[in-house]
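Asks: Quick one, structure for this:
(one chain, ligands or ions: 2)
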Amino acid sequence: MIIPEKQSVDLLLIHAGTLLTLDKGPSGPLCGSETEDLGEILDAAVAIQGETVVAVGSTSVMQSRFSATRVLDVHGRLVLPGWIDCHTHPVFSGTRENEFAMRVAGSSYEDIARAGGGIRSSVRTLRLTETEDLLDLLLQRLDQFLLMGTTTVEAKSGYGLSTHDEVRSLEVIHQADQIHPIDLIPTFMGAHEFPDEFRSDRDRYIDLIIQEMIPIVAERNLARFCDVFCENEVFSVEESRRILLAAKDAGMLLKIHAEELASTGGARLAIELECTSADHLVQIPEDDIAQMARSSVVAVLLPGTTFHLGKKKYAPAQIMYEAGLPIALATDFNPGSSMTQSLPMITTLACLQLGLSPHAALAGITRNAACALDLNRSHGRIAPGYQADLVVVNAPSSDYLPYHYASNRVHTVIKRGQIVVSEGVRRTP
Ligand code: NIG
Ligand code: FE
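Replies: Ligands and ions are numbered 1, 2, ... in the order given. Take a look at the predicted model:
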């Protein structure tokens, strides 16, 4: 009898009690009931060579096919693709717990912003912070993300709001991306607010964004996406269109903060401009949901923001689900409206407040989040050819993740084939 030679790989993860590949169905994001089949394999194994997944299957079959330099037995734990946080504002210095206390006492987010707090207060602080301190803060935050299972983070600028400070913020994101295992996807968000010095001349600030900031950001390749806060009292639909079109012409992909606090037409603008995603969508009109479902725009829902702002109305996720609109989920991590880095907590809110199933929520922080970042061919699945980003969770089944809330159940994190967290502790490979 001829025993076929085993293929040797760097790492063989074995005995995942449940593993979700997220590699089923059509090629794009998972919509509606497609999110119920996440490609579950029981007693699963994954073969990894370098930074890439080579094969995935049952442990017994995989052990007969592969020999490995290192075997990692995960003893029946849950294994998922590394989590992708597709909407965050992580470059800031100074926190705003004073505003949290004010909101608890009855002030609204909008009142605080009108009075000069909110985003503008973070802008004042960031401008006074040295670049190396900004980098340090970001690196510490990235460690927290990693310990909580997040392996890819979209990172927006937007607390600089001058050419110098926006460029500085994006440079810090690039430096952190070089140093830290997490993949950072940079987004230019000079249109996050009107800074103090342009309050009485909004057009001049928009000109600055279009004529100075976008050309520099594009020329230096500092951002993959451009995002705008399209909202009453911030950027109107017309202003958002001008900015986003300039960014598109300069070669950036587009995102938009749309229909968060009021219904202003941001979702329709996202469809018109073929944005990669439209984010928030709490107040989206029902007609626009159907239209968006016929476009290629991914809905990024941020229930942590609604929760942290203490609002009662959440995005109409069930209508979106029924309409076949792809739903991704993110933390919106920022010092004002959503001070959390926990994607598992977001899945809990998605189940309880958005009415999504645990599986739809898990699709929202893996494959659909990859689609919201135009990373669908490399991230968000455990499949041959995909980047070897995996999270091993102290959980007996996939439903357990949203169920056991406010607890970090992450045991091991593998990023680009390297074990960067084990037994819940950060490791440097
Ligand atoms: O997504 N909406 C705008 N930006 C953030 C809030 C930023 C802040 O308050 O600092 C958001 O909710
Ligand atoms: Fe945001």
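Asks: Which residues of the stretch 201-350 of the chain lie near ligand 1?
Replies: Residues of the stretch 201-350 of the chain lying close to ligand 1 by C-beta under 6 Å from any ligand atom are F229, H257, E260, T305, D332, N334, P335, G336, S337. Quick note: C-beta positions are derived from backbone N, CA and C, even for glycine.
Asks: Is the residue in the chain positioned nearest to ligand 1 part of a helix or strand, or is it coil?
Replies: Taking C-beta to the nearest ligand atom as the measure, the point where the chain comes nearest ligand 1 is G336, at 2.2 Å. Using DSSP: H, G, I helix; E, B strand; the rest coil, the structure places G336 in coil.
Asks: In contact with it, which residues?
Replies: By C-beta atoms under 8 Å, 6 or more residues apart in numbering, the contact list for G336 reads R96, E99, Y109, G118, I119, S122.
Asks: give me the number of residues near the closest residue in space to N232 that isn't next to it in sequence?
Replies: Among residues not flanking N232 along the chain, A262 sits closest, at 4.9 Å (C-beta to C-beta, 6 or more residues apart in numbering). Using other C-beta atoms under 10 Å, A262 has 12 neighbouring residues.
Asks: try P429
Replies: P429 is surrounded by 10 other residues when neighbours are defined as other C-beta under 10 Å.
Asks: That one - nearest residue in space that isn't next to it in sequence?
Replies: Nearest to P429 is Q418, by C-beta to C-beta, 6+ apart, at 4.1 Å.
Asks: Any idea what the one you found is bridged to?
Replies: With DSSP bridges as the criterion, Q418 is bridged to K415.
Asks: in this protein, what spans have low per-residue confidence?
Replies: Counting by pLDDT under 70, the chain has low-confidence residues at 1.
Asks: Domain-wise, how is it divided?
Replies: Residue ranges for each domain of the chain read 7-81+381-426, 83-371, as given by automatic domain parsing.
Asks: any idea which helix or strand comes after the longest strand along the chain?
Replies: Scanning the chain for the longest strand, with DSSP state E as the assignment, gives strand 7-20. Towards the C-terminus, the helix or strand next in line after strand 7-20, according to DSSP states H and E, is strand 40-49.
Asks: Show me which residues of that next one are buried.
Replies: I41, A44, A45, V46, A47, I48, Q49 (16 or more other C-beta atoms under 10 Å).
Asks: from the chain's centre, how far out does it sit?
Replies: In terms of C-alpha atoms, centre = their mean, to the nearest Å, the gap separating the centre of strand 40-49 from the centre of its chain is 25 Å.
Asks: Neighbouring strands - and their directions - for that strand?
Replies: Strands that pair with strand 40-49, judged by DSSP bridges, come out as strand 7-20 (antiparallel), strand 52-58 (antiparallel).
Asks: May I see the ones you listed arranged in JSON lines, with distance to ligand 1 and mean neighbour count as well?
Replies: Formatted as JSON lines, the entries for the strands paired with strand 40-49 read as follows, by distance: least, C-beta to the nearest ligand atom, whole Å; neighbours: other C-beta atoms under 10 Å:
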{"stretch": "strand 7-20", "distance to ligand 1": "28", "mean neighbour count": "22"}
{"stretch": "strand 52-58", "distance to ligand 1": "33", "mean neighbour count": "20"}
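Asks: which one of those lies closest to G355?
Replies: Between G355 and these, the shortest gap by C-beta to C-beta is with strand 7-20, which sits at 20.8 Å.
Asks: Tabulate the CA atom coordinates of that closest one in CSV.
Replies: Extracted C-alpha coordinates of strand 7-20, given in CSV (Å, rounded to 0.1, in the frame of the first residue of the first chain):
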residue,chain,number,x,y,z
GLN,A,7,2.0,18.2,2.6
SER,A,8,4.0,20.2,5.2
VAL,A,9,2.7,23.6,6.5
ASP,A,10,3.8,26.1,9.1
LEU,A,11,0.8,25.8,11.3
LEU,A,12,-2.0,23.3,11.7
LEU,A,13,-4.9,24.4,14.0
ILE,A,14,-6.9,21.3,15.1
HIS,A,15,-10.0,20.4,17.1
ALA,A,16,-12.0,23.5,16.7
GLY,A,17,-15.3,22.4,18.2
THR,A,18,-17.2,24.6,15.8
LEU,A,19,-15.5,26.5,13.0
LEU,A,20,-17.4,29.0,10.7
